[in-house]
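Asks: Okay, here's the prediction I keep looking at, along with the sequence it came from:
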Amino acid sequence: MMQKTLPCGELLKRLHDIFETNANKNLQEQDVTFSQMKMLILLEHWPGGSATLKELEKYFGSSQATIAGIASRLEKKGLIEGYTDADDRRIKHVRLSPEGLALCRRTKVFMDRNEQWLLTPLSEAERQEFHRLLQKVYDAIK
């Protein structure tokens with residue numbers, strides 16, 4: 001017999017998958033994926049506008065290969081610029097290109113619309129409470 005109520009972890013995973021699929025559909029015409037867009041948006045708001053690949057790995061909790069792959073694809077598309085550290089050539093930095101910044105500004109509406117779509121069943125008070133509870137759990141286990 002199937003469970004009627006799914007465990008929280010399974011619900012979170014399924015919500016993420018639905019959210020990502022919908023975001024990818026909306027971003028398809030921009031020729032970027034949700035994962036790539038997350039990196040671009042992060043770089044737009046990163047202090048100093050530049051981050052090392054190691055900092056991005058830590059922030060996203062992803063492997064070196066995953067972050068390097070995303071950065072490489074974004075660099076090939078001309079959306080970010082990569083350069084080596086002046087003091088240590090083993091360290092690679094990335095920053096938004098002017099094209100990447102323009103894309104961030106154009107796609108903000110898609111990203112906002114996707115979040116609003118996800119939260120449609122909730123009232124404004126429920127949205128705020130949902131966000132507060134998610135943040136509380138995240139802060140406790142990160």
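Replies: Looks like it arrived, so ask away.
Asks: buried residues in stretch 43-63?
Replies: 43-44, 46, 50-51, 53, 55-57, 62 (16 or more other C-beta atoms under 10 Å). (Each C-beta comes from the backbone N, C-alpha and C, glycine too.)
Asks: Report the backbone C-alpha coordinates of it in CSV.
Replies: Taking C-alpha atoms only, stretch 43-63 is exported to CSV below (Å, rounded to 0.1, in the frame of the first residue of the first chain):
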residue,chain,number,x,y,z
LEU,A,43,28.1,36.2,-9.0
GLU,A,44,25.9,39.2,-9.6
HIS,A,45,25.5,39.6,-5.8
TRP,A,46,28.9,38.3,-4.7
PRO,A,47,31.0,40.8,-2.8
GLY,A,48,33.5,42.3,-5.2
GLY,A,49,31.7,40.7,-8.2
SER,A,50,34.3,37.9,-8.4
ALA,A,51,34.5,34.5,-6.8
THR,A,52,37.0,31.6,-6.8
LEU,A,53,35.8,28.2,-8.0
LYS,A,54,36.6,26.9,-4.5
GLU,A,55,34.3,29.5,-3.0
LEU,A,56,31.5,28.5,-5.4
GLU,A,57,32.1,24.8,-4.5
LYS,A,58,31.7,25.6,-0.8
TYR,A,59,28.6,27.9,-1.3
PHE,A,60,26.7,25.4,-3.5
GLY,A,61,28.0,22.3,-1.6
SER,A,62,28.9,20.8,-5.0
SER,A,63,32.0,19.0,-6.2
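Asks: Quick one: mean pLDDT for it?
Replies: In this model, stretch 43-63 has a mean pLDDT of 94.
Asks: Return the subset of the buried residues of stretch 43-63 lying in strands.
Replies: The strands, defined by DSSP state E, take in 50-51 from the buried residues of stretch 43-63.
Asks: from the buried residues of stretch 43-63, which is closest to His16?
Replies: Of all the buried residues of stretch 43-63, His16 sits closest to Ser62, with 14.3 Å by C-beta to C-beta.
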